[in-house]
Structure formats: C-alpha cells, structure tokens
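Participant: Fold the following and give me the result.
(one chain, ligands or ions: 1)
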Amino acid sequence: MDEEPIDERIIDGRAVAARVRARVAEQARQFAVEHGRPPGLATLLVGDDPASALYVQLKHRACEEVGIASIDRRLPASVDQDGLMAVVEELVADEAVDGVLVQMPLPEHLDPEPVVLAVPPAKDVDGFHPANVGALALGTPLLPSCTPAGVLTLLDEYGVQLAGADAVVIGRSRVVGMPMALLLLSRDATVTVTHARTRGLAEHVRRADVLVSAAGVPGLVTADMVKPGAVVIDVGTTRTEQGLRGDVEFEAVREVASLITPVPGGVGPITIATLLANTVRAAQLRVAHGDRPVR
Ligand code: GUN
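Facilitator: Prediction:
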C-alpha cells in the first residue's frame with residue numbers, strides 16, 4: 001500500500017516528543033549514575049474520572065520509558081481537604097521525589113488553591129505555583145508549565161521566528177493561555193491575549209503570525225480568520241462523539257497556514273515529554289541547590 005505523502009505543513013508532535021524523550025532519557029541515565037538514584041516523579045489522582053486516569057497512566061508509562069522513577073498515588077473522590085493536603089505533604093517530603101503533580105481538575109468539593117501552594121516551586125513540575133508563574137512573567141523561568149513550554153519547543157524545532165512576530169493567544173487559563181502569553185513575550189513576540197470576553201475575536205486572530213488556540217471550543221478558528229502563512233497551534237482538546245476535536249477547523253485551515261498542529265498528534269505528545277524534561281530539571285536543580293527555588 002502507498003504511504004500518504006508527508007505534508008510538511010503539518011507539525012509532527014509525536015516526532016518532536018520522541019526527540020525530547022531521547023534527550024531526557026540520556027539526562028536521567030546520567031543523573032542516576034552521578035547520584036545513585038533516578039529522578040523521581042509522584043502523581044496524585046483524586047477520584048476516578050476516566051480522562052484524568054488515562055492522562056496519569058500515560059505519564060507513568062512515559063516515565064518508565066525514559067528511566068524516571070514514578071509513584072502513582074490515588075485517593076477516593078470522597079477524601080476531604082485535610083486528607084488531601086496530608087498526602088500532598090507526604091509526597092513533597094519524600095527525598096526520592098523531585099516532582100509532585102496533582103492531576104487537575106479536583107472533585108468539586110476540594111479547593112485546588114492550597115494544593116498548588118503546598119507543592120514548593122522547586123518540586124512544581126507543572127509550573128502552577130505563583131512563584132513559578134511569576135518567574136515566567138519576569139522572563140526567568142525555573143519550571144515552566146508543560147503545555148506552553150512544549151508549544152515553544154514545537155515552534156523552535158520548526159524554526160518559527162518569534163522575535164517581532166505578532167502572536168495571538170486564545171484563552172487566558174492558568175494552565176495554558178496565561179503562561180503561553182508570558183513565554184511568547186519572553187521570546188520578544190508582540191502578544192495579544194484574547195478570551196471569552198474579547199470583542200471582535202476574528203479581527204485579532206487575523207493579525208496573527210503565530211496563533212495559539214487554547215479555548216476548548218471545537219471549530220472556533222475557521223479559515224477566514226487565519227492570515228495566509230500563519231503558524232497555527234491548536235491546544236484545544238474536546239471530547240466529542242466524533243472523537244477528540246481541537247479548536248481549529250483543521251482541513252480548511254491547513255490550506256491557509258504555513259504550519260499547523262493536528263489533534264491528536266500535535267501538542268498532546270510534547271506536553272508529556274515536557275513534564276519528563278521538567279522532572280529531570282527539578283532533580284538536577286535540587287541536587288545543586290536543595291529545595292530553594294533558585295535558577
Ligand atoms: N489536567 C489537565 N492538564 C493538566 C496538567 O498539565 N497538569 C495537571 N496537574 N493536571 C492537568
């Protein structure tokens with residue numbers, strides 16, 4: 001059977017992630033030789049949401065592949081805030097654990113805010129702690145959050161020029177939109193952040209040389225909104241009856257864009273690879289500086 005011709009406009013997130021994982025595996029091996037133990041990641045999943053359980057499973061499989069030791073803690077959805085905090089603190093205190101990740105979202109009755117604060121910046125491989133977000137804002141990232149940092153890796157791997165580019169981010173979430181905007185700014189792009197209250201979204205989007213959409217609204221970005229030659233990164237992932245859908249109308253927009261990520265196979269794989277990279281970085285920083293949030 002003939003293979004489909006490769007469309008060079010489609011960003012191959014799986015291939016970039018494989019290269020990042022190979023680099024991380026070498027760093028993890030080196031770390032284990034030097035320090036007598038592998039880098040360690042602990043995850044905590046509360047409740048039994050199937051999508052969250054799948055993400056956690058993928059994270060552990062990825063750890064195993066690159067030689068990161070991982071701890072998979074689970075709590076029932078019925079746990080109270082004190083019970084949750086006790087387990088977070090236990091994981092944080094574990095000397096063999098370099099990174100702690102509490103899978104979000106938490107069940108409704110639990111407040112994520114104290115959890116985010118309980119993971120110290122030096123072990124915050126999600127990059128959610130205010131100190132890590134603040135460092136990003138100042139252009140001195142310690143542990144940047146995984147999805148936006150992964151997007152930057154994709155842009156760099158494909159040689160996308162960011163300095164001076166008009167970058168538009170759709171969404172201002174703490175996990176993607178806000179840190180994405182800060183990272184693009186740190187690379188000297190001219191950044192516009194749009195969100196649910198933005199008037200005239202299409203006009204903003206049409207100016208983008210680089211568009212990052214993280215709205216979680218399937219079909220939000222149509223071909224008429226995209227400047228010819230723009231680079232389009234689709235972070236949206238919404239489960240629909242037709243499967244996983246991004247924010248971008250892929251088939252139409254790919255005809256206009258110079259580069260575009262598919263869903264799936266675009267941003268998803270690089271996010272997990274970046275988590276692995278952050279874990280090794282956290283381990284290296286800890287042995288060098290202890291638990292203080294230093295660069
Ligand atoms: N839920 C969805 N994405 C993420 C992520 O990047 N980190 C955590 N902890 N939870 C998530």
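Participant: The host helix or strand of E65 - what's its average pLDDT?
Facilitator: Using DSSP states H and E, E65 sits in helix 50-66. Confidence for helix 50-66, expressed as mean pLDDT, is 96.
Participant: contacts for it?
Facilitator: Contacts of helix 50-66 from elsewhere in the structure, counted by CB atoms under 8 Å, 6 or more residues apart in numbering, are 21, 24-25, 28, 41, 43, 45, 69-70, 72, 101, 103, 105, 239, 272-273, 275-276, 279. Placement of C-beta: from N, CA and C, glycine included.
Participant: among these, which are in strands?
Facilitator: Mapping the contacts of helix 50-66 onto strands (DSSP state E) picks out 41, 43, 45, 69-70, 72, 101, 239.
Participant: Which parts of the stretch 151-295 of the chain are strands?
Facilitator: For the stretch 151-295 of the chain, the strands defined by DSSP state E, counting those that start in this stretch occupy 166-170, 190-194, 210-213, 231-234, 238-240, 243-245, 259-260.
Participant: Would you format those as JSON lines with mean pLDDT and mean neighbour count included?
Facilitator: As requested, the strands of the stretch 151-295 of the chain are arranged in JSON lines below (pLDDT from 0 to 100; neighbours: other CB atoms under 10 Å):
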{"stretch": "strand 166-170", "mean pLDDT": "98", "mean neighbour count": "27"}
{"stretch": "strand 190-194", "mean pLDDT": "98", "mean neighbour count": "19"}
{"stretch": "strand 210-213", "mean pLDDT": "98", "mean neighbour count": "27"}
{"stretch": "strand 231-234", "mean pLDDT": "98", "mean neighbour count": "28"}
{"stretch": "strand 238-240", "mean pLDDT": "92", "mean neighbour count": "12"}
{"stretch": "strand 243-245", "mean pLDDT": "93", "mean neighbour count": "15"}
{"stretch": "strand 259-260", "mean pLDDT": "98", "mean neighbour count": "22"}
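Participant: Include distance to A131 when you put the ones you listed into CSV, please.
Facilitator: Below are these laid out as CSV (distance: least, CB to CB, whole Å):
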stretch, distance to A131
strand 166-170, 22
strand 190-194, 21
strand 210-213, 24
strand 231-234, 27
strand 238-240, 31
strand 243-245, 33
strand 259-260, 33
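Participant: interface residues of the stretch 151-295 of the chain facing the ligand?
Facilitator: V175 (CB under 6 Å from any ligand atom).
Participant: The same query, at a cut-off of 8 Å, please.
Facilitator: 175, 271, 275 (CB under 8 Å from any ligand atom).
Participant: Could you say which of these is surrounded by the most neighbours?
Facilitator: L275 (27 neighbours; other CB atoms under 10 Å).
Participant: show me what contacts that residue?
Facilitator: Applying CB under 8 Å, 6+ apart, the residues near L275 are 41, 59, 62, 99, 101, 125-126, 146.
Participant: so where is this protein shaky, pLDDT-wise?
Facilitator: 1-4, 291-295 (pLDDT under 70).
Participant: picking that back up, with respect to the ligand, which of the residues of the stretch 151-295 of the chain next to the ligand is nearest?
Facilitator: V175 (5.5 Å; CB to the nearest ligand atom).
Participant: hang on, the earlier thing: dump the residues of the stretch 151-295 of the chain next to the ligand to TSV, plus distance to D82.
Facilitator: Formatted as TSV, these follow (distance: CB to CB, whole Å):
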residue	distance to D82
V175	25
T271	31
L275	28
